[in-house]
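K.L.:
give me coordinates for this.
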Amino acid sequence: MVMKKTTEFLVLAALAGVLSGCHKRNEPPAAPPLPTVPVRLQKVEAKTYPAIEEVVGTVRAKMKSSISAKVSGRIEKLLVAPGQKVKAGDLLLQLDVGEIQAQLQRAQAVQKQAAIELERMKSLFAQATVARAEVDRAEMQFQVAVGNVKEVETMLGYARVTAPFDGVVTRKIADVGDLASPGLALLEMEDPNLLRLEAEVPEALIDRVKLGDQFTVRIASLPQLLEAVVGEMDPVADPVSRTFNVKMDLPQATGLRSGLFGRVAIPVSQTTTLRVPASALVVRGQMEIVFVANKGAAQLRLVKTGKRIGEEIEVVSGLNAGEEVVVDNAPRLRDGQPLTRQ
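P.N.:
Residues are numbered from 1 along each chain as shown. All right, here's what the predicted structure looks like:
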């Protein structure tokens, strides 16, 4: 009986050892410590900034032209295409104006006949055969013939349509073989070096805009902000939209071109807010996150942001003045990760 109990005890002990060994082998290994990340920090401060209202606008060329012919005729040659740069005086298209060439030949023939008649009358007058009035009449007919030739030559010159200024062709409306007539647009061109932002300013803000004022403009496709100067503004509001068209001259900038979307910031008052660099904000799904340096480690902080002004973003909640936020390498960080200041 004692031997049986002893055997059962040994079996149970062996099973316990086996189970204990299996349990130890199934335990996951401890996670390695997070690496230390070098970062730049910036202290959050409450500052007074101008409160602004943004008005949307479109970049347009200050100098643009709709090219049309001054005489009628079919387009014989079209020498440019949209996107092509041209210089003032460059030939854009050539018209087939056979009728005008025929008119020129007739006018030249009349001029030649008038010149012969004038010389004949002068010779007869010298012989006292005709009166002075006949010579004057022949002189007048000759001058009229000369004028007719010059007029037709001018019309013939209009068959060559040239660029009115340095610029780029933006649109081709007609093609070879189409009939051109006075006032009918054939091409469009503009000067890409002289651009401005055209914005419709609401009546509530127009009193804050004056000729010569300078405003900050943000173009969606450009990384930098631009400073625009008000060059023109309508004195009367649009009766439907109740807005005023304001045109602001833009400086030259790489990548700036006609048709881009932009926003102009119009100051309306002063406000005190917290702002952080845009590089400090990390967006994960619907969450807006910044990392605060706390005792040498990154502390994840959910925030609520407001407007973006330049390279800074307004923080409405989630941060306190005096805290230091990570302004680079933020997307790489995890909560609690060790930090070292660069």
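K.L.:
tell me the domain ranges of this structure?
P.N.:
47-62+194-341, 69-94+159-190, 98-157 (automatic domain parsing).
K.L.:
dump the ones you listed to JSON lines, plus mean pLDDT and mean neighbour count.
P.N.:
Heads up, the C-betas are built off the backbone N, CA and C, glycines and all. Output for the domains of the chain, formatted as JSON lines (pLDDT from 0 to 100; neighbours: other Cβ atoms under 10 Å):
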{"stretch": "domain 47-62+194-341", "mean pLDDT": "91", "mean neighbour count": "16"}
{"stretch": "domain 69-94+159-190", "mean pLDDT": "92", "mean neighbour count": "16"}
{"stretch": "domain 98-157", "mean pLDDT": "86", "mean neighbour count": "15"}
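K.L.:
how about the strands in the stretch 51-200 of the chain?
P.N.:
Applying DSSP state E, counting those that start in this stretch to the stretch 51-200 of the chain gives strands spanning 64-68, 73-78, 85-86, 91-96, 160-162, 167-172, 179-180, 185-190, 195-202.
K.L.:
redo those as JSON lines? Include distance to residue 329.
P.N.:
Shown next, in JSON lines, are the strands of the stretch 51-200 of the chain (distance: least, Cβ to Cβ, whole Å):
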{"stretch": "strand 64-68", "distance to residue 329": "46"}
{"stretch": "strand 73-78", "distance to residue 329": "56"}
{"stretch": "strand 85-86", "distance to residue 329": "44"}
{"stretch": "strand 91-96", "distance to residue 329": "54"}
{"stretch": "strand 160-162", "distance to residue 329": "57"}
{"stretch": "strand 167-172", "distance to residue 329": "43"}
{"stretch": "strand 179-180", "distance to residue 329": "62"}
{"stretch": "strand 185-190", "distance to residue 329": "44"}
{"stretch": "strand 195-202", "distance to residue 329": "35"}
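K.L.:
quick one: the closest residue to residue 45 other than its chain neighbours from residue 327, how far?
P.N.:
Leaving aside its chain neighbours, residue 45 sits nearest to residue 321 (5.9 Å; criterion: Cβ to Cβ, 6 or more residues apart in numbering). Distance from residue 321 to residue 327, counting by Cβ to Cβ, to the nearest Å: 16 Å.
K.L.:
before we move on, what about residue 91?
P.N.:
56 Å.
K.L.:
same check on residue 157?
P.N.:
Relative to residue 327, and taking Cβ to Cβ, residue 157 is found at 65 Å.
K.L.:
just residue 195 next, same as before
P.N.:
Distance, residue 195 to residue 327, by Cβ to Cβ: 33 Å.
K.L.:
same question, residue 141
P.N.:
Relative to residue 327, residue 141 is positioned 88 Å away (Cβ to Cβ).
K.L.:
ok, residue 175 next?
P.N.:
Counting by Cβ to Cβ - residue 175 and residue 327 are separated by 56 Å.
K.L.:
tell me the angle of the helix ranked longest in the chain relative to strand 73-78?
P.N.:
Secondary structure of the chain per DSSP state H: the longest helix is helix 98-126. Interaxial angle of helix 98-126 relative to strand 73-78 (axes from the mean of the first three to the mean of the last three Cα atoms, to 10 degrees): 110 degrees.
K.L.:
got a list of contacts for stretch 44-52?
P.N.:
265-276, 307, 309, 315, 319-325 (Cβ atoms under 8 Å, 6 or more residues apart in numbering).
K.L.:
among those, which lie within strands?
P.N.:
The strands, defined by DSSP state E, take in 265-276, 307, 309, 315, 324-325 from the contacts of stretch 44-52.
K.L.:
for residue 337, see how far away the residue nearest the centre of the chain is.
P.N.:
With distances taken as Cα atoms, centre = their mean, residue 260 lies nearest the centre of the chain, 3.0 Å away. Counting by Cβ to Cβ, the separation of residue 260 from residue 337 is 40 Å.
K.L.:
secondary structure element holding residue 248?
P.N.:
strand 243-249 (DSSP states H and E).
K.L.:
give me the contacts around that strand.
P.N.:
In contact with strand 243-249 (Cβ under 8 Å, 6+ apart) are residues 57, 62, 194, 196-203, 206, 209, 215, 217, 228-238, 264.
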